[in-house]
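Q: sequence and computational prediction follow.
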Protein chains: 2
Amino acid sequence: MNYAEFCKEIEMEKAAAFRNAVESNKGSIKIKKEKKLSENLSRIFDATIELANEKGFQAMSMRDLSSKASLSLGALYSYFSSKDELLEMIQGYSLAMVSVILTDSIKKETDSSKKLERAIRTHVYITEYMQPWFYFSYMEAKNMDRPAQKRAIEGELFTEKIFSDIIESAVSGKKPGDHDPVMTASLIKAMLQDWYLKRWKYRKRKIGPDQFADFLISFIRSSIM
Amino acid sequence: MNYAEFCKEIEMEKAAAFRNAVESNKGSIKIKKEKKLSENLSRIFDATIELANEKGFQAMSMRDLSSKASLSLGALYSYFSSKDELLEMIQGYSLAMVSVILTDSIKKETDSSKKLERAIRTHVYITEYMQPWFYFSYMEAKNMDRPAQKRAIEGELFTEKIFSDIIESAVSGKKPGDHDPVMTASLIKAMLQDWYLKRWKYRKRKIGPDQFADFLISFIRSSIM
DNA sequence: AAAAATATAACGAACGTTCGATTTTTTTTA
DNA sequence: TAAAAAAAATCGAACGTTCGTTATATTTTT
């Protein structure tokens, strides 16, 4: 599997996750027609991500959003009930994406070592594919209300658990006690996050997702094996 | 060296960095008396850090700051000329801290391997000591104006260069071509940043700075050696 | 007393949000 | 199929707040 292949397979799951995000916020959406809703809401999402990653979500005004999404102020509020809710819809979307994709992906391998490799690779690819979304979720987490913050933390721990479980079974019996799987998973997660948080750096150095995944895998492999 | 020892040695350098931060913004400070200035400005800094790490710098109002720092709105503006300038003063402060401390620290070792170990340990300790400051600088970087953003990026690359230089001389001749020092330094930096960005996680798991530094060093050593 | 520092009230600008009027789209009717 | 009616969606002005900042008056320190 490489990044190009990954992209082809992802489109459907992306659409499904979007429909799911819409479904769980149906209550505060005033738009009736499915087509209008998905067209305009995804344009609103894109515009929000773009503006927020430029100047921060708080600093982005509804008037900024209105002009970038080509909808009037009043119209915007037919798609969500408040600015905060908009933020949480986007968070829910990207949170669902990473956990679904990751869980599905590791089922395709049985060998622990291969499983770990695949998990890392998939994480790099999905965060490459939706980089602005993950950057947004990471940076705006502390501006969310308590329940949304809790969801963000649980999301982080969920993916970390995927890694620590794999490591546990991968290194069991090999070098007992030498490396704590939980700590190792923590560090892996940190390195994976660097990929979507510091894109400017890797772009400048002309390092693509495949290259990054390869390097990261060999770095980790030689450390825990 | 452990964290407790580190703390004893740091106080002087911290005070020097603070004086330096004041000095380079003297132009917009209306307070004449040295004592008043350092007392109140450091209280303003602390209050800003605390509020910004709670709800974000943008969301923090000058009225919030006024009440937390126990100074009237008008009085605040005798210590800086605008909210943005306050942000940049704080950024300059923590940026200067890490580079001075790190540069000084690695001079104390000659062996490359020891040098790397010491650099990592020192980075963990200084970011532990001033955790809220580094968290602040990281999270608010994208809300700063262009020149301040440039400074933040240069700061990141500066410390990364310190690591890649050491790695280069440490692994030269050992495993040629196997690990790109620049990429390795990038990953090390990512893991070091995790320490001050995810404090809630490490605190919950009862992992202190000494433990984290030990683990990180052994993780990296087994990977590049 | 003079100088330095603080407090208070007020400024215009910009914010998120709402609401009734208006336009666009869909459905019904002839 | 074309006109009329109903429904859905959009619009832009306006609301009440809150924001960063300032000018002036007052208090504290020298």
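A: Done, it's in. Numbers count the residues shown, from 1 in each chain, chains lettered A, B, ... in the order given.
Q: does any part of the helix ranked longest in chain A sit near chain B?
A: Scanning chain A for the helix with the most residues, using DSSP state H, yields helix A:146-171. Yes - on the criterion Cβ under 8 Å from any Cβ of the partner chain, helix A:146-171 is in touch with chain B at A:153, A:156-157. (Glycine included, C-beta is placed from N, CA and C.)
Q: now that helix: buried residues?
A: For helix A:146-171, burial by neighbour count (16 or more other Cβ atoms under 10 Å in any protein chain shown) applies to A:148, A:151-152, A:155-156, A:159-160, A:162-167, A:170-171.
Q: pLDDT weak spots in chain A?
A: Applying pLDDT under 70 to chain A flags the ranges A:173-178.
Q: enumerate the residues of it near chain B.
A: Residues of chain A lying near chain B by Cβ under 8 Å from any Cβ: A:53-56, A:58-59, A:139, A:142-143, A:153, A:156-157, A:179-180, A:182-184, A:186-187, A:189-191, A:193-194, A:198, A:200-202, A:205, A:207, A:215-216, A:219-220, A:222-224.
Q: show me the contact partners of stretch A:186-194.
A: Residues outside stretch A:186-194 that contact it (Cβ atoms under 8 Å, 6 or more residues apart in numbering or on different chains) are A:120, A:123-124, A:127, A:138, A:156, A:159-160, A:163, A:216, A:219-220, B:186-187, B:189-191, B:193-194, B:198, B:201, B:216, B:219.
Q: show me which residues of the regular element (helix or strand) spanning A:Glu5 are buried.
A: Element membership for A:Glu5, per DSSP states H and E: helix A:3-23. Within helix A:3-23, the residues that count as buried by 16+ other Cβ under 10 Å are A:3, A:6, A:10, A:17-18, A:21-22.
Q: spit out the contact partners of A:Glu34.
A: By Cβ under 8 Å, 6+ apart, the contact set of A:Glu34 is empty.
Q: what does A:Ala69 give?
A: Here A:Ala69 is in contact with A:40, A:43-44, A:46-48, A:76 (criterion: Cβ under 8 Å, 6+ apart).
Q: what's the nearest residue to A:Val98 if we skip its chain neighbours?
A: Distance criterion Cβ to Cβ, 6 or more residues apart in numbering or on different chains; nearest residue to A:Val98, sequence neighbours excluded, is A:Ile126 at 5.8 Å.
Q: so which residue of chain A comes closest to DNA strand D?
A: Per Cβ to the nearest atom of the strand, A:Gly74 is where chain A lies closest to DNA strand D, at 1.9 Å.
Q: quick one, phi/psi of that residue?
A: Dihedral angles of A:Gly74 (phi, psi; degrees, to the nearest 10) stand at phi -60, psi -40.
Q: now for it, how many residues are close by?
A: Neighbours of A:Gly74 under the rule other Cβ atoms under 10 Å in any protein chain shown: 8.
Q: what do you get for A:Ser172?
A: 11.
Q: same deal with A:Ile106?
A: Close neighbours of A:Ile106, defined as other Cβ under 10 Å, add up to 19.
Q: DNA strand C contacts on chain A?
A: Taking Cβ under 7 Å from any atom of the strand as the criterion, the neighbours of DNA strand C within chain A are A:33, A:60-64, A:73-74, A:77, A:81-84.
Q: kindly recompute the last result at 10 Å.
A: Counting by Cβ under 10 Å from any atom of the strand, the residues of chain A lying close to DNA strand C are A:28, A:32-33, A:35-36, A:55, A:57-66, A:72-78, A:80-86.
Q: in contact with the residue nearest to A:Ser169 when sequence neighbours are not counted, which residues?
A: Leaving aside its chain neighbours, A:Ser169 sits nearest to A:Ser112 (4.8 Å; criterion: Cβ to Cβ, 6+ apart). Residues counted as contacts of A:Ser112 (Cβ under 8 Å, 6+ apart) are A:166, A:169-170.
Q: and A:Ser112, how far from A:Leu95?
A: 26 Å (Cβ to Cβ, to the nearest Å).
Q: need the residues that contact the strand or helix carrying A:Ala213.
A: Taking DSSP H and E as the criterion, A:Ala213 maps to helix A:209-224. Helix A:209-224 is contacted by residues A:2-3, A:113, A:116-117, A:120-121, A:124-125, A:128, A:167, A:170-171, A:175, A:179, A:184, A:188, A:191-192, A:195, A:202, A:207, B:179-180, B:183-184, B:187, B:219-220, B:222-223 when judged by Cβ under 8 Å, 6+ apart.
Q: got the buried residues for that helix?
A: Neighbour counts over helix A:209-224 (16+ other Cβ under 10 Å) mark A:209-217, A:219-220, A:223-224 as buried.
Q: next, the angle from it to helix B:209-224.
A: Counting by axes from the mean of the first three to the mean of the last three Cα atoms, to 10 degrees, helix A:209-224 lies at 110 degrees to helix B:209-224.
Q: circling back to that earlier point, please produce a PyMOL select command covering the buried subset of the contacts of helix A:209-224.
A: If you want just the buried ones from the contacts of helix A:209-224 in PyMOL, going by 16+ other Cβ under 10 Å, the selection is:
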select buried, (chain A and resi 3+113+116+117+120+121+124+125+128+167+170+171+179+184+188+191+192+195+202+207) or (chain B and resi 179+180+183+184+187+219+220+223)
